[in-house]
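Trainee: Sharing a model prediction with you, sequence too.
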Amino acid sequence: MNTNENRPPVMSRRELVASAGAFAAAGMIADVVAKADAVVAGVEDRATSIKITSVTPFPLGSKTLIKIQTNHGITGWGEISQLPPKTVIALLESMYELLDGENPTRVEYLWQKLYRAHRDFRGGAFMVHTISGIDMALWDITGKLHGVPVYRLLGGPTRDKIRTYPSAKAVKTAPGMPFPYSGDAIDVQELVKRVKDARKQVGPDGTVMFDCHCQLPPPILIQFANAIESYDVLWLEEPAVPGNIEVFKRLKQQIRIPIATGERDRGIWEVIPYLQNNCVDILQPDCGHGGGISQLRKVATLAEAYNVPLAPHSILSFLGQSASFNAVATIPNLLIHEFYPSDLQGVLHRKWDVDKDGYATLPEGPGLGCDVDEDKLVKLSAEIGMKYKWPGAHYKDGAIADY
Ligand SMILES: [Mg+2]
């Protein structure tokens with residue numbers, strides 16, 4: 001039996017000092033934990049008590065910027081793309097019933113609430129383009145509330161920069177406006193010349209893309225695609241009207257150039273048939289058309305599962321572009337991003353830049369990384385806000401054309 005077992009333990013000086021340090025450290029830890037608790041409690045209070053107090057549309061012709069305000073003084077901005085301004089204003093006014101007083105940081109919940117609010121209205125361009133702008137604004141608020149770029153809330157960046165086009169080494173060409181295809185050889189030769197010129201422009205190490213704009217009937221498209229194989233085209237975009245899976249399948253069987261589409265497909269539900277039928281090589285979701293940042297990331301994940309890269313479409317201003325950049329900054333399967341600079345006559349100030357090779361820096365937050373000059377916006381909106389014309393493409397003979 002150990003005779004020492006009932007004695008109080010004897011500690012060496014070193015142990016005593018260590019023990020005292022441990023007590024002191026424990027006190028410090030308790031202090032730190034208490035402070036952290038206070039911070040967490042503060043964040044929770046701030047994040048859980050924030051409420052939407054208004055949504056204001058600023059129509060600018062074929063796009064509308066929207067401002068969502070909150071009771072915490074934090075404002076979020078979004079961009080609604082391509083819709084007639086009268087329609088956007090009416091839709092927003094009606095949909096605000098679903099947003100009034102809600103917590104803007106519940107982005108996914110509010111996306112679902114808007115999308116599924118009426119069983120007969122689910123989906124479609126008018127609803128989803130509008131939700132896309134709202135989704136951007138909600139992410140903007142959430143990023144600003146937490147003081148970080150939105151991509152930090154989406155899992156963090158998977159890349160340091162984002163490749164964009166057009167650039168000095170990457171260009172896209174197209175058939176031009178609709179014209180009737182006779183099937184004559186000259187029609188195909190004219191299209192081939194466009195590709196040839198584009199290749200000459202970027203050089204042998206550059207990137208050439210061709211946007212069919214759904215304007216080429218399949219027989220001509222197949223002839224054309226065969227004729228341009230030697231020009232090493234990265235993709236043929238929108239070879240057929242979106243959603244016509246059987247046509248895509250037929251084209252995929254007969255064309256050796258990669259096929260891209262997706263700028264007019266809304267959300268995961270319109271994208272998945274292309275993937276399941278293995279009839280596209282590259283997906284091109286648009287942050288402003290397909291459901292905002294929330295859906296763009298989901299589409300990227302679906303595509304990732306099928307090993308299909310994303311080349312997001314964009315005709316958005318700096319604001320919508322910032323939203324799309326925040327989304328693609330976090331995905332693993334980005335190929336290239338479309339980008340045409342548009343500050344809306346000095347209204348928008350982006351917190352990112354694009355270098356001479358077409359690489360964009362990640363947007364600096366907090367929020368989306370794009371500031372809005374509201375005074376200039378009000379003036380511009382008063383000037384051009386309600387001007388809108390439906391494109392209504394026709395062929396020369398008066399027939400309706402796809403575009
Ligand atoms: Mg296109």
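Mentor: That came through fine. Numbers count the residues shown, from 1 in each chain.
Trainee: Between the two ends of stretch 371-390, what distance do you get?
Mentor: Across stretch 371-390, the terminal residues are separated by 30 Å (C-alpha to C-alpha, to the nearest Å).
Trainee: P239 versus I245, what's the distance?
Mentor: Computed as C-beta to C-beta, to the nearest Å, the I245 to P239 distance reads 12 Å. Glycine gets a C-beta too; all of them are placed from N, C-alpha and C.
Trainee: Could I get the full set of helices for the protein?
Mentor: 13-49, 85-95, 107-115, 125-146, 150-153, 185-202, 218-227, 245-254, 267-276, 292-305, 318-328, 374-384 (DSSP state H).
Trainee: quick check: mean pLDDT across the first one?
Mentor: Read that as helix 13-49. When pLDDT is averaged along helix 13-49, the result is 55.
Trainee: Same question for the fourth one.
Mentor: Helix 125-146 shows a mean pLDDT of 97 in the predicted model.
Trainee: before we move on, back to that, make JSON lines from the helices of the chain and add mean neighbour count and distance to P341 to it.
Mentor: Converted to JSON lines, those look like this (neighbours: other C-beta atoms under 10 Å; distance: least, C-beta to C-beta, whole Å):
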{"stretch": "helix 13-49", "mean neighbour count": "11", "distance to P341": "34"}
{"stretch": "helix 85-95", "mean neighbour count": "16", "distance to P341": "23"}
{"stretch": "helix 107-115", "mean neighbour count": "17", "distance to P341": "28"}
{"stretch": "helix 125-146", "mean neighbour count": "25", "distance to P341": "18"}
{"stretch": "helix 150-153", "mean neighbour count": "23", "distance to P341": "21"}
{"stretch": "helix 185-202", "mean neighbour count": "16", "distance to P341": "19"}
{"stretch": "helix 218-227", "mean neighbour count": "18", "distance to P341": "30"}
{"stretch": "helix 245-254", "mean neighbour count": "15", "distance to P341": "32"}
{"stretch": "helix 267-276", "mean neighbour count": "18", "distance to P341": "27"}
{"stretch": "helix 292-305", "mean neighbour count": "21", "distance to P341": "20"}
{"stretch": "helix 318-328", "mean neighbour count": "30", "distance to P341": "7"}
{"stretch": "helix 374-384", "mean neighbour count": "15", "distance to P341": "17"}
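Trainee: Reformat those helices as TSV; add distance to the ion.
Mentor: Below are those laid out as TSV (distance: least, C-beta to the ion, whole Å):
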stretch	distance to the ion
helix 13-49	39
helix 85-95	22
helix 107-115	25
helix 125-146	15
helix 150-153	25
helix 185-202	15
helix 218-227	15
helix 245-254	15
helix 267-276	15
helix 292-305	16
helix 318-328	15
helix 374-384	24
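Trainee: need these in a markdown table with distance to F58, can you?
Mentor: Output for the helices of the chain, formatted as a markdown table (distance: least, C-beta to C-beta, whole Å):
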| stretch | distance to F58 |
| --- | --- |
| helix 13-49 | 27 |
| helix 85-95 | 9 |
| helix 107-115 | 20 |
| helix 125-146 | 11 |
| helix 150-153 | 21 |
| helix 185-202 | 37 |
| helix 218-227 | 40 |
| helix 245-254 | 38 |
| helix 267-276 | 25 |
| helix 292-305 | 18 |
| helix 318-328 | 11 |
| helix 374-384 | 4 |
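Trainee: right, and the ones you listed - which one's nearest R350?
Mentor: Relative to R350, the nearest member of the helices of the chain by C-beta to C-beta is helix 318-328, separated by 4.3 Å.
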